[in-house]
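K.L.:
Let's see this in three dimensions:
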Amino acid sequence: MKISIGFKLWTSYLAIFFIALIVGTLSYRSLSALLESAQWVEHTHTVQLTLTDLLSALQDAETGKRGYVITGEEHYLEPYQHALSRIESNFKESRELTRDNPAQQHRLDTLYPLITERLAELKEVINLRREKGFDAARQVVISGEGKNLMDSIRNILTEMLNEESSLLVKREGDSKAGSRNTIAAILIGETLISAFTLGAAFILSRNIARPLNAITDMAEKAGSGDLSMTLESNDRSDEVGGLLRAFAAMIDNLRRLNREVVEGVGVLGTSVSEIQAGASQLAAGASETATAISQTTTTVEEVKQTALMSSQKAKYVSESAQKAAQISQIGRKAVEESVAGIDQIREQMELISENIVRLSGQSQSIGEIIATVNDLSEQSNLLAVNASIEAARAGDQGKGFAVVAQEVKSLADQSRQATAQVRTILGEIQKATGSAVLATEQGVKAVETGTRQSRNAGEAIVQLAESIDESAQAASQIAVSAQQQLAGMNQLGQAMENIKIATTQNAESSRQAEAAANNLHGLGQRLGELTGRYKV
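P.N.:
Model prediction:
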């Protein structure tokens, strides 16, 4: 039967759990019984205290009555008054506390009428002492009825206290027995749990920890390169047995793999040495061939560049000559147009000169008008001053006229200021007009000179155009010849470039083969080192 480690662990844990549960249950029941006994003990003490307080209250009432009867002083009744409320509350509490005890309930039923009758007798004595005096109260006390009632009450309370004392002894004994049982249950439970826990730990350690330690030691040896260990066969059917068998299979596979790798490394080393030698020879030959072709290609490239430069220069000369011829034609036409344009400019300059002269005359007229406006503003200012003087003479009736005079004066001042500004601007315009007249006269003279020079330049450009046409034809013939030479050199350069590319590719392949051989050689040495670390 296959028993797994998990099953063993769960069995141990569950056994410990159930033992702990049983011990806990027993301890709980013992503690519950102990607590219940303690509660009953406390309940008995409470009943005894209540009955004792009830008897004490009755005695306080008796004492208060006796003091009042003897002295007749009302303050001696204070114990009596306080005892009445205590007697009622203590009796009710005693009734409630002894509800579980029929015998005590029966005694209380007997006690209640006696207490009531006793309190009535006390009240009667007090009333007789207050109303009829000491002798009347003394006769009731001497009759002995009150003493008999009090003796009966005291006897019943004594019986109740004795019964509660018996119950207290019994309940204290039960409480002590419960304490002993609880302590015994806890000690026995702890002993059982400790013994079973130690037994389970010993068994699990023997069946799990020791085999795992052995496997760990073997794993450390295998990790350090020692594959020579042997594993004992086992018949365990749990996880540890499966782990041992799997580890043994792994060690066997590693040994077999190591032998195969060692054999492969030997074959690889031999093959790599041969490949490395052939690749070195091929790389050396390819390098020499590539060097020679590279030199030839460089020479062809230099000749090609020379032919290309000659072709470009010839083409440039031809194109320059053609452009010069075109430019000369355009220049001749431009000179003719310039002469015509300069004639128009001369006519415009003459017209501008006439307009500027006419504008100068108009500026003089504007100056005369401004002088007239300035005289008017001065007369208006003088008139406003006179009006202000007349308004001041007129008093209150001339106030409105004074305001108008003030406004007229203000307008006159503004007109004078504006006239001054306009005169300044007009002076600047007249200066500019004079300068423009002089510049116009000089421009007309310059235009006449430019017209004469343009005609001379046009004649020179016509002669230059004829010479450029002849140079352009010669340059075109040179450019065609250089283009044919360049085409031939391009074909030769392309062929050498193809040879160079092929040779470079061969050399690169040789270097790659040599590098691969070196890598394989290093890999073989590395594999040899790795396999040499394992001891089989």
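K.L.:
Please read off the pLDDT at Glu117 from the model.
P.N.:
You'll see Glu117 listed with a pLDDT of 92.
K.L.:
Relative to Arg99, how far out is it?
P.N.:
25 Å (Cβ to Cβ, to the nearest Å). (Each C-beta comes from the backbone N, C-alpha and C, glycine too.)
K.L.:
These two: which has the busier surroundings?
P.N.:
Set Glu117 next to Arg99 and count neighbours by other Cβ atoms under 10 Å: Glu117 wins out with 15 against 10.
K.L.:
Now do that one against Ala61, distance only.
P.N.:
As judged by Cβ to Cβ, Glu117 and Ala61 stand 13 Å apart.
K.L.:
residue ranges for the helices of this protein, please.
P.N.:
According to DSSP state H, the chain carries its helices in the segments 5-71, 78-97, 102-131, 134-142, 145-204, 210-223, 239-394, 399-532.
K.L.:
can you count the residues close to the residue nearest to Gly64 when sequence neighbours are not counted?
P.N.:
Distance criterion Cβ to Cβ, 6 or more residues apart in numbering; nearest residue to Gly64, sequence neighbours excluded, is Tyr80 at 3.1 Å. Using other Cβ under 10 Å, Tyr80 has 21 neighbouring residues.
K.L.:
Domain ranges for this protein, per the record?
P.N.:
5-209, 254-532 (automatic domain parsing).
K.L.:
Return the residue of the chain that is most distant from the centre.
P.N.:
The centre of the chain is farthest from one residue, Asp135, which by Cα atoms, centre = their mean lies 102.8 Å away.
K.L.:
Skipping its backbone neighbours, what lies nearest Glu62 in space?
P.N.:
Per Cβ to Cβ, 6+ apart, closest to Glu62 is Met150, 6.7 Å.
K.L.:
quick one, what contacts the one you found?
P.N.:
For Met150, the contacting residues are 58, 62, 118, by Cβ atoms under 8 Å, 6 or more residues apart in numbering.
K.L.:
shouldn't the last one be in contact with Lys147?
P.N.:
No - between Arg118 and Lys147 there is no contact under Cβ atoms under 8 Å: 10.1 Å.
K.L.:
Between those two, which is the more surrounded one?
P.N.:
Counted by other Cβ under 10 Å, Arg118 and Lys147 do not tie: Arg118 has more neighbours, with 21 against 13.
K.L.:
and that one, what does it touch?
P.N.:
Counting by Cβ under 8 Å, 6+ apart, Arg118 makes contact with 58, 146, 149-150, 153.
K.L.:
Let's see that with 6 Å instead.
P.N.:
Residues in contact with Arg118 (Cβ atoms under 6 Å, 6 or more residues apart in numbering) are Leu149.
K.L.:
Against Leu55, how distant is it?
P.N.:
Remark: distance between Arg118 and Leu55 (Cβ to Cβ) = 12 Å.
K.L.:
Kindly report the same for Glu263.
P.N.:
Per Cβ to Cβ, Glu263 is found 114 Å from Leu55.
K.L.:
Who has more neighbours out of those two?
P.N.:
Taking neighbours as other Cβ under 10 Å, Glu263 and Leu55 compare with Leu55 leading, 19 against 11.
K.L.:
If I look at that one, what pLDDT would I see?
P.N.:
Leu55 is assigned 91 on the pLDDT scale.
K.L.:
what do you get for Ser4?
P.N.:
We have a pLDDT of 68 for Ser4.
K.L.:
What count of nearby residues applies to the nearest residue to Gly72 once chain neighbours are set aside?
P.N.:
The shortest distance from Gly72 to any non-neighbouring residue, by Cβ to Cβ, 6+ apart, is to Arg129 (6.5 Å). Look at Arg129: counted by other Cβ under 10 Å, it has 22 neighbours.
K.L.:
Give me the distance between Arg129 and Lys65.
P.N.:
9 Å.
K.L.:
re the thing from before, roughly how far apart are the residue nearest to Gly64 and Gln348?
P.N.:
Tyr80 is 150 Å from Gln348, by Cβ to Cβ.
K.L.:
again with Thr71
P.N.:
To Gln348, Thr71 is 157 Å away according to Cβ to Cβ.
K.L.:
and if you look at Leu376?
P.N.:
41 Å.
K.L.:
ok, Glu42 to Gln81 distance?
P.N.:
Where Gln81 is concerned, Glu42 sits at a distance of 32 Å (Cβ to Cβ).
K.L.:
oh, I was asking about Ile215
P.N.:
Distance from Ile215 to Gln81, by Cβ to Cβ: 93 Å.
K.L.:
quick one: which of the two has more around it?
P.N.:
Under the neighbour definition other Cβ under 10 Å, Ile215 and Gln81 were set side by side, and Ile215 has more, 17 against 12.
K.L.:
what about Ala391, how many neighbours?
P.N.:
Ala391: 19 neighbours (other Cβ under 10 Å).
K.L.:
pLDDT score for it?
P.N.:
On the pLDDT scale, Ala391 gets 75.
K.L.:
same question, the one 5 residues further on
P.N.:
At Asp396, the model reports a pLDDT of 74.
K.L.:
neighbours around it, how many?
P.N.:
Residues within reach of Asp396, counting by other Cβ under 10 Å, total 6.
K.L.:
repeat for the one 10 residues further on
P.N.:
Taking other Cβ under 10 Å as the criterion, the count of residues near Gln406 is 14.
K.L.:
What of Ile142?
P.N.:
Using other Cβ under 10 Å, Ile142 has 10 other residues around it.
K.L.:
where's it relative to Val69, distance?
P.N.:
Per Cβ to Cβ, Ile142 is found 11 Å from Val69.
K.L.:
Over to Asn355?
P.N.:
In terms of Cβ to Cβ, Asn355 sits 157 Å off from Val69.
K.L.:
So for those two, which residue has more residues nearby?
P.N.:
Set Asn355 next to Val69 and count neighbours by other Cβ under 10 Å: Val69 wins out with 20 against 12.
K.L.:
contacting residues for that one?
P.N.:
Contacts for Val69 (Cβ under 6 Å, 6+ apart) come out as 129, 137.
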